[in-house]
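Participant: this one's structure only:
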């Protein structure tokens, strides 16, 4: 019988390929809409921390203006402060385009992460894929989370996960990290399947 890691990898590949085929029109329509709305590029890539601390580029359909990172980190200090105080999240982020708001509300912006799954950098289920700087700064701000972060980085990050499907998407970092660490400690193929089954309902609840 296959071990958990092999079962999980097989599940990842089957689900990722199945979703790509099921939502095939999205791969043609969404890039055209993004290009018409705000030009190139239609994809956005961002460096994230994966299993064992190895960094990789996470892909999304672009839902923000072209210079979103520069606006946040170089031009608008007040926005950056608000971003950090909100545990690295922004409510009513002014950098999101009108089309981007729609893509995010339907979770369509995250579809390109299926390629990260096929490449073995991510899983369908796992902890959030964090930015290195976020982990470093949050560990300083909340020293008790260092143990959680260590556990989080022991597994692959996921497109979906325990806190995304808990109905508590806006939970503070400490609680989010604790939930992700608990998943890393108690992962199983049945737990992954339960989270996958809950994911569509969690997506619909955001509409």
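Facilitator: Happy to help now that I have it. Small disclaimer: the values here were computed from a predicted structure and weren't measured.

Participant: from here on, contacts and neighbour counts on C-alpha atoms
Facilitator: OK.

Participant: Can you report how many residues lie near residue 46?
Facilitator: One way to gauge burial is a neighbour count; for residue 46, by other CA atoms under 10 Å, it gives 11.

Participant: In the sheet, which residues pair with it? Tell me.
Facilitator: Beta-bridge partners for residue 46, by DSSP bridges, are residue 58.

Participant: Residue 128 versus that one, what's the distance?
Facilitator: Distance, residue 46 to residue 128, by CA to CA, to the nearest Å: 14 Å.

Participant: what does residue 82 give?
Facilitator: Separation of residue 82 from residue 128 (CA to CA) stands at 21 Å.

Participant: Between those two, which is the more surrounded one?
Facilitator: Taking residue 82 and residue 128 together and counting by other CA under 10 Å, residue 128 has the greater number of neighbours (24 against 14).

Participant: my guess is the more buried one contacts residue 156, does it?
Facilitator: No - taking CA atoms under 8 Å as the contact criterion, residue 128 and residue 156 are not neighbours in contact, 9.0 Å apart.

Participant: longest helix anywhere in the chain?
Facilitator: With residue count as the measure and DSSP state H as the assignment, the chain has helix 4-22 as its longest helix.

Participant: for that helix, what is the average pLDDT?
Facilitator: Per-residue pLDDT values over helix 4-22 give a mean of 96.

Participant: oh, and call the first residue 56 from now on, that's how I've got it
Facilitator: Sure, I'll start numbering at 56, so the last one becomes helix 59-77.

Participant: For whatever helix or strand comes next after it, which helices and strands make contact with it?
Facilitator: With elements assigned by DSSP states H and E, the helix or strand that comes after helix 59-77 is helix 79-93. Contact analysis of helix 79-93 by 3 or more CA pairs under 8 Å, 6 or more residues apart in numbering; DSSP states H and E lists no helix or strand as a packing neighbour.

Participant: what about residue 206, helix or strand, and which?
Facilitator: helix 201-207.

Participant: same for that helix, what does it pack against?
Facilitator: helix 228-240.

Participant: Give me the residues contacting the helix it packs on.
Facilitator: With contact meaning CA atoms under 8 Å, 6 or more residues apart in numbering, helix 228-240 is reached by 142, 181-183, 193, 197, 200, 203-204, 206-207, 209-210, 216-218.

Participant: Give me the buried entries from these.
Facilitator: For the contacts of helix 228-240, burial is judged from neighbour counts taken by 16 or more other CA atoms under 10 Å, and it is met by 142, 181-183, 193, 200, 203-204, 206-207, 209-210, 216-218.

Participant: re the thing from before, do me a favour and average the pLDDT over the helix holding residue 206.
Facilitator: This predicted structure assigns helix 201-207 an average pLDDT of 94.
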